[in-house]
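In: Below are the sequence and a predicted model; questions follow.
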Amino acid sequence: MNDKATIGVSSESDRILDQYLLAAALSGDRPSWDRLVQRWQSKLLRHAWRVLGDADLARDVVQEAWVQILRGVARLQDLVAFPAWAFRIVTRCCLRAQRRAGRDQCVADQLVSASELETPVAANGEFAAELALVRAAIQSLPAAQRSALGLFYLEDLSVAEVAVALDVPVGTVKTRLMHARRKLRAQLGEVTDE
């Protein structure tokens with residue numbers, strides 16, 4: 001089985017587990033709530049960090065989002081929609097936090113957490129150097145493109161789910177992904193040509 005097929009199976013298993021935990025939690029099983037929160041905390045935090053670029057503010061926003069998620073999840077009619085729905089709540093909380101802080105645009109200081117791109121142990125420093133170049137290229141993207149890219153590639157959401165999560169049309173997500181890929185190709189292509 002190739003890596004892509006393995007990733008797809010793992011991703012599907014994760015989605016099924018999340019749906020099970022959500023159903024159990026909705027029926028009153030407290031340990032399922034705890035496990036669901038534990039599984040989703042880092043995902044929601046990474047998304048908030050990508051949108052805001054501020055780790056402390058991202059933590060506050062995710063805490064606020066969890067309150068809304070836990071209060072509103074019983075109204076969620078399709079458990080399959082949970083990932084996009086939860087990311088959308090975080091996105092909206094991020095936008096409110098930006099307005100409260102008087103920010104007109106996303107901060108781009110801290111962009112990619114070390115946990116987003118796990119670094120396998122390499123026999124030499126070549127992989128680490130290449131990973132640093134990729135991280136720097138991602139950091140240079142505008143927040144809207146960075147968020148779409150992260151949700152699509154790192155969180156394994158479909159384009160339609162990313163659109164729901166970011167509260168934008170599907171076409172906007174496709175455009176953001178296209179521009180992000182072009183920018184990354186251009187930046188990383190320049191580096192590899194050197």
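Out: Structure's in. What do you need?
In: Do a quick rundown of the helices in this structure.
Out: 3-26, 30-52, 55-72, 82-100, 126-139, 143-149, 159-166, 170-193 (DSSP state H).
In: Packed most tightly, which of these would that be?
Out: Most buried of the helices of the chain by mean neighbour count (mean count of other CB atoms under 10 Å) is helix 143-149; its value is a mean of 23. Placement of C-beta: from N, CA and C, glycine included.
In: and that one, how far from the chain's centre?
Out: 9 Å (CA atoms, centre = their mean, to the nearest Å).
In: State the mean pLDDT of that helix.
Out: Per-residue pLDDT values over helix 143-149 give a mean of 89.
In: Stretch 164-171 too?
Out: Mean predicted confidence for stretch 164-171 is 92.
In: How far away from the center of its chain is that stretch?
Out: With CA atoms, centre = their mean, you get 14 Å for stretch 164-171.
In: Stretch 54-67 now?
Out: 14 Å.
In: what are the C-alpha coordinates of that stretch, in CSV please?
Out: The C-alpha coordinates for stretch 54-67 follow below in CSV (Å, rounded to 0.1, in the frame of the first residue of the first chain):
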residue,chain,number,x,y,z
ASP,A,54,-0.1,35.2,17.6
ALA,A,55,0.2,32.1,19.8
ASP,A,56,-1.2,33.7,23.0
LEU,A,57,-4.2,35.2,21.2
ALA,A,58,-4.8,31.9,19.4
ARG,A,59,-5.0,30.1,22.7
ASP,A,60,-7.6,32.6,24.0
VAL,A,61,-9.6,32.4,20.8
VAL,A,62,-9.7,28.6,20.8
GLN,A,63,-10.8,28.6,24.4
GLU,A,64,-13.7,31.0,23.4
ALA,A,65,-14.4,28.8,20.4
TRP,A,66,-14.7,25.6,22.6
VAL,A,67,-17.4,27.3,24.7
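In: my guess is Ala25 meets Arg39, correct?
Out: No: contact criterion CB atoms under 8 Å: Ala25 and Arg39 do not qualify, at 11.3 Å.
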